[in-house]
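S.K.: After the sequence you'll find the predicted model.
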Amino acid sequence: MSLKLERGDLLQLQPISHTGTLKLLPLGKKNKQKLVVGDDSGIISCYEFKRGEPQVVFQSKSFEAPITSIALAGPTNKRDNIFLSFGQKLVGMSKKGKEFFKVSSHSTETIMNIAVEDVRAFVGFESSLSIYNDGKVMDEGYMARDAINHLFVGHVTRDNDFDCVLACQDNTIRIVQNIAQTSTVFLEIPTESAVTTVAFMEIEVDKSSIKGPTAIVYGLANGTLGLVQVFSNGEKTPIWTVEDPTRSAITCISIYDLDKDNAMEIIVGRDDGRVEVYHQQPESLFAVPYKAFTKNIGESVRAVECGIVSTPEFHEIIVASYSGKIISFTTEPVHSRAAEDSYGRSIQTISNENRIKHLRKEIDEMKRKLDKDREKFKKSNGSQALESQHKPAADFPVNSKFTLDTTVAAYVLTVELQSSIDLIILRSPVVLDLVETDTGSSVLSVTPPALLAQVGGSAPGAAGEESLGKFVAVFRCQSQEKRIVLTLRTNEGEFGNLHITIVADSAPKAAKIIKYDLKPLSLHTKVFEFSREESARPRSAMRYTGNVQLSAWHEWVQAIFPDVPPRLDEGVLDQVYCFRNTFTGAVTKVEFRKNEIKFESENASTIAIIKENITRLATYRRITLEESVSPVEASISSFLNLIRPKLDYQFSLARKMELVDAVQEIAMIDNNNNNEWMSEEYKEILRDQESIRQQFKNRDKSLEYLSGIVTDLFVDWNRLQGFDAKQKLPQLMNTIRGNNMEGVLQAFQELSVSRR
């Protein structure tokens, strides 16, 4: 069953960079809810609506920093006290906009998330949690290993006190309890990707009501939506997950019964602009929900709230976008005739006319302000006028992400501005492969590597700046694009910074440079644990010992692998990390304690890259290490078995391509029989013909990439044992081109036998 919702644009405010800055007050006397929103200008505004026309209830002064979070507090069904955060400050306001509370935090970090219950304020900083009781800090707080992306507070595991649920960047949901004025982690729930947002859902199990929220709905950076049930004894049960084909990050979640069927809908906002509604089935709340509605608003969604805002009795979804748009998706049949209108106009027509009236008022006000500024400019002397002409361009916010997509083993770069993009320049000291991506009408220019080599392999810059000349690409936007998505694949072994220069289409021109780290093992992703099959695979090992503290080992591991949290838990004596290569599927394990670290991997090239970088880092710190390497010959065949299906598929593309045209022609002739006579192979070729054509175009590049993995394995395997096998590479390449994997394995074995 689909859900029919009609869109209406309510407001255009200043840009909104932070999530969670939109709330709806409880129902008022007119059976409608007022909307409270904060933006990057530092202003909190409260509006009510009458047939689409916004009416200002109150508007605060401009605080000295962007609003980062808004929370409501008060008794149940009357939570109309407004709390907001900006910078390091927390402010409380009444529903009429009167300020009654203000406190400055003890931390130098920016407050990112807040929740208020009774007289306690749960304050989430960039990577720590503090609890304030009536404006005073209750305890030393909790320091997370990585960033805290979101939080909510409720009776999750206790009826007599509140728990704080944290959405953490290090692929973990954490439930923090405060007992005897000490915040401790009660439960950790691992996830497959960074947790971006969390919400709670009340459920009933076997007709016995469980008080408080016992189920946590969560959204991940890879687009997955999930539900996990939590028990007071510390047990947890994953209920369901819904994956997103485009893997766009979930930015916000709201739980609300839109259609009043006693089953909650899960409203999801995504980074790519989609607003989705997932319907829970009343007869089985543990069943996987289905998508009942989806709409793309064209820019990142920053907040979603549900309630009755425009018309009594009609529920709606209120959405805040990155550029400051406030949009409504309502259940009201807006195309039907308005009962109170004698002219027979539709509800939507009246709402649009009211919005136009409001916009005209805003334009008139802007004209008055412009006239005042012109008068001031005329009265100013020449030097002041000259000063104003040479003012630097204003800074502009950028919503950018650089994340590893594990399904395609490549990094997805997303750049979004609140104004149009003029130009994006990518520069890197690492060779990058630009995976074919639909960039719309943007003009792409990639500098050939040969030309970069001719100019010396470096880009102009300040003295001492790293070489940026192995990859240079320029995107020129031509259709007022505000969002660009690119896919880049790295080569493991190289490291450096990806420099992204973003030029906004503004007057005067303004530019900003953003940097992202490219780690030596950039295609590895951290996993909670290996599967039983992965654990059983043979792995070569390498061990280092020396006078090295636990924190130093951790810093080195963080410099080599992505997804490693910046901090260790307090008081730990040892640490274990598990990684999986997203392209090959090979696994790597890292264990370290004071004075000792051990690496295990089924890919000898991974061991060689780690060895090179550990040596570099130890030399930089002037630390002497003892090294021991234990190659396991069985790991060679194990790794080649992971690569073989990919090579077989690339070689099979040539045969499939030869058959595509013939199969298509026969299918057109024999269309009446629905091609029932065809074998499954031919049906697959007919069904996937467009994909086959596209992949065949990139076949040479893919084969070169796969062949490089095998030849690197051959060289590195021999190098770990102290031998140079480069002279055997031409013969090995011929064997690979012939798709003779038995011959490749034999080449490894022959060298091993000859050295015994």
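M.R.: Done, it's in.

S.K.: Could you use CA atoms for every contact and neighbour count after this?
M.R.: Fine.

S.K.: Three-state assignment for residue 75, please.
M.R.: Here residue 75 is recorded as coil under DSSP: H, G, I helix; E, B strand; the rest coil.

S.K.: ok, the closest residue to it other than its chain neighbours - how many residues close by?
M.R.: Among residues not flanking residue 75 along the chain, residue 118 sits closest, at 8.0 Å (Cα to Cα, 6 or more residues apart in numbering). For residue 118, the neighbour count with other Cα atoms under 10 Å is 10.

S.K.: show me the contacts for residue 118.
M.R.: 73, 74, 75 (Cα atoms under 8 Å, 6 or more residues apart in numbering).

S.K.: which of these count as buried?
M.R.: Among these, those classed as buried by 16 or more other Cα atoms under 10 Å are residue 73.

S.K.: of the contacts of residue 118, closest to residue 429?
M.R.: residue 73 (50.6 Å; Cα to Cα).

S.K.: Roughly how far does the residue nearest to residue 75 sit from residue 81?
M.R.: 11 Å (Cα to Cα, to the nearest Å).

S.K.: what touches both of those two?
M.R.: 73, 74.

S.K.: Return the set of residues that bridge with the residue nearest to residue 135 when sequence neighbours are not counted.
M.R.: Excluding its sequence neighbours, the residue lying closest to residue 135 (Cα to Cα, 6+ apart) is residue 103, at 6.3 Å. Going by DSSP bridges, residue 103 is paired in beta bridges with residue 90.

S.K.: Give me the contacts around the host helix or strand of residue 149.
M.R.: Using DSSP states H and E, the element containing residue 149 is strand 148-154. With contact meaning Cα under 8 Å, 6+ apart, strand 148-154 is reached by 112-117, 122, 124-128, 162-169, 195-200, 212-213.

S.K.: From those, keep the buried residues only.
M.R.: For those, buried by 16+ other Cα under 10 Å: 112-117, 122, 124-128, 162-169, 195-200, 212-213.

S.K.: Which of those residues fall in strands?
M.R.: Mapping those onto strands (DSSP state E) picks out 112-117, 122, 124-125, 128, 163-168, 195-200.

S.K.: related to what we said a few turns ago, and the residue nearest to residue 75, what pLDDT?
M.R.: With respect to pLDDT, residue 118 scores 87.

S.K.: What's the separation between it and residue 79?
M.R.: For residue 118 relative to residue 79 (Cα to Cα), the value is 11 Å.

S.K.: Common neighbours of the two, please.
M.R.: residue 73.

S.K.: Contacts only, for residue 141.
M.R.: 128, 129, 130, 131, 182, 183.

S.K.: same thing with residue 600?
M.R.: When contacts are counted by Cα under 8 Å, 6+ apart, residue 600 touches 539, 540, 541, 542, 588, 589, 590, 607.

S.K.: So residue 537 sits against residue 637, correct?
M.R.: No: using Cα atoms under 8 Å, residue 537 makes no contact with residue 637, being 10.2 Å away.

S.K.: So which residues of the stretch 501-650 of the chain form strands?
M.R.: 510-518, 524-527, 540-545, 574-581, 587-593, 596-601, 626-630 (DSSP state E, counting those that start in this stretch).

S.K.: Please identify the pairing partners of the fifth one and their relative orientation?
M.R.: Think strand 587-593. strand 574-581 (antiparallel), strand 596-601 (antiparallel).

S.K.: Please apply the same query to the last one.
M.R.: Within its sheet, strand 626-630 is paired with strand 540-545 (antiparallel), according to DSSP bridges.

S.K.: ok, of the contacts of residue 141, which come out buried?
M.R.: 128, 129, 130, 131, 183.

S.K.: Now the third one: which helix or strand?
M.R.: Right, the one you point to is residue 130. strand 128-133.

S.K.: chain center to that strand: distance?
M.R.: Relative to the chain's own centre, strand 128-133 is displaced by 26 Å; criterion: Cα atoms, centre = their mean, to the nearest Å.

S.K.: Same check on stretch 313-329?
M.R.: 22 Å.

S.K.: Now do that stretch: distance from first to last residue.
M.R.: Terminal-residue distance, stretch 313-329 (Cα to Cα): 14 Å.

S.K.: Need the contact partners of that stretch.
M.R.: Contacts of stretch 313-329 (Cα under 8 Å, 6+ apart): 5-17, 22, 31, 39, 258-259, 299-309, 330-332, 417-419.

S.K.: May I see the PyMOL selection of the buried members of those?
M.R.: Selection of buried members from the contacts of stretch 313-329 for PyMOL, criterion 16+ other Cα under 10 Å:
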select buried, resi 5+6+7+8+9+10+11+13+14+15+16+17+22+39+258+299+300+301+302+303+304+305+306+307+308+309+330+331+332+417+418+419
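
S.K.: Who are the contact partners of residue 558?
M.R.: 564, 565, 566.

S.K.: Mark which of the contacts of stretch 313-329 are part of strands, please.
M.R.: Filtering the contacts of stretch 313-329 for strands - DSSP E - leaves 6-12, 22, 301-307, 330, 417.

S.K.: Just give me the neighbour total for residue 647.
M.R.: 18.

S.K.: begin at 220 from here
M.R.: Renumbered: residue one is now 220, and that last one reads residue 866.

S.K.: Helices of this protein, residue ranges please.
M.R.: For the chain, applying DSSP state H gives helices covering 566-598, 601-608, 668-673, 751-755, 769-779, 823-840, 853-888, 899-906, 908-916, 918-939, 948-956, 960-973.

S.K.: Residue 707 is nearest to which of those?
M.R.: helix 918-939 (13.9 Å).

S.K.: List the buried residues for that closest one?
M.R.: Taking 16+ other Cα under 10 Å as the criterion, helix 918-939 shows 918, 921-922, 925-926, 928-939 as buried.

S.K.: thinking again about what came up before, can you redo the helices of the chain as TSV with mean pLDDT and distance to residue 688?
M.R.: Output for the helices of the chain, formatted as TSV (pLDDT from 0 to 100; distance: least, Cα to Cα, whole Å):
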stretch	mean pLDDT	distance to residue 688
helix 566-598	77	46
helix 601-608	51	36
helix 668-673	75	6
helix 751-755	94	38
helix 769-779	96	22
helix 823-840	95	22
helix 853-888	83	31
helix 899-906	75	41
helix 908-916	78	27
helix 918-939	88	21
helix 948-956	86	28
helix 960-973	75	35
